[in-house]
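> only geometry, no sequence info:
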């Protein structure tokens, strides 16, 4: 039996969907801690990321509890890819630039990247970082400048910082003012979300 949905709830759903960003995305690469994955999905929902890409090649995708994810997994689409080559082919075929989170000599600071275009940010495993088989497909690398002795952040915190910078740039560019979802797709998704 369908739950009665209020007009206010319908309005909220349509408002949120109208601000979803379809051309900024994350790639979650073998991140094994369910709390990290849940926190990343919460940040994606908070900053209007429409979908994320999952690349799990040697680690099982963690079981996400409803409580820890804050139900964000209901509101952010996920697409699984079997290997690095197919992930890269799919995203590059859609015009995305693939940017890895790496501490390397060629990495540029986060704020130097233009996150208003089609960008996919790759977040690697908590211990190993971004998988080596992704290296040939990556267009560049970013790092988050830090001022302390410890030069790394928890992966979910890094995701939130990166997405906030994306939000800041996109908000300044007016990208949240006009829906990026086509009207028919927005209406279809609104109907689906009303059932959740």
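Now that the structure is in, tell me what you want to look at. Computed from a predicted model, the values in this text were never measured in an experiment.
> Show me which parts of the longest helix along the chain are buried, residue by residue.
Counting residues, the longest helix found in the chain (DSSP state H) is helix 155-172. By neighbour count with 16 or more other C-beta atoms under 10 Å, helix 155-172 contains the buried residues 155, 156, 158, 159, 160, 162, 163, 165, 166, 167, 169, 170. To be clear about C-beta, it is placed using only N, CA and C from the backbone, and glycine gets the same treatment.
> likewise stretch 52-63?
Of the residues in stretch 52-63, those buried under the neighbour-count criterion (16+ other C-beta under 10 Å) are 52, 53, 54, 55, 56.
> is the second one in a bridge, and if so with what?
Under the criterion DSSP bridges, residue 53 forms beta bridges with residue 27, residue 79.
> show me the contacts for it.
Applying C-beta atoms under 8 Å, 6 or more residues apart in numbering, we find residue 53 in contact with 25, 26, 27, 28, 78, 79, 80, 81, 87, 90, 91, 120.
> try 10 Å this time
25-29, 77-81, 87, 90-91, 96, 120, 122 (C-beta atoms under 10 Å, 6 or more residues apart in numbering).
> Quick one, grab the pLDDT at residue 127.
Listed pLDDT for residue 127 reads 90.
> hang on, isn't it packed against residue 32?
Yes. If you go by C-beta atoms under 10 Å, residue 127 and residue 32 touch, sitting 8.7 Å apart.
> okay, those two: which has more neighbours?
More neighbours surround residue 32 than the other of residue 127 and residue 32, with 15 against 7 (other C-beta atoms under 10 Å).
> list the contacts for the more buried one?
Residue 32 is in contact with 56, 58, 59, 60, 61, 62, 125, 126, 127, counting by C-beta under 10 Å, 6+ apart.
> Same question for residue 120.
Neighbouring residues of residue 120 by C-beta under 10 Å, 6+ apart: 23-27, 52-53, 87-88, 90-92, 94, 96-100, 138-139.
> Nice, that's everything, thank you.
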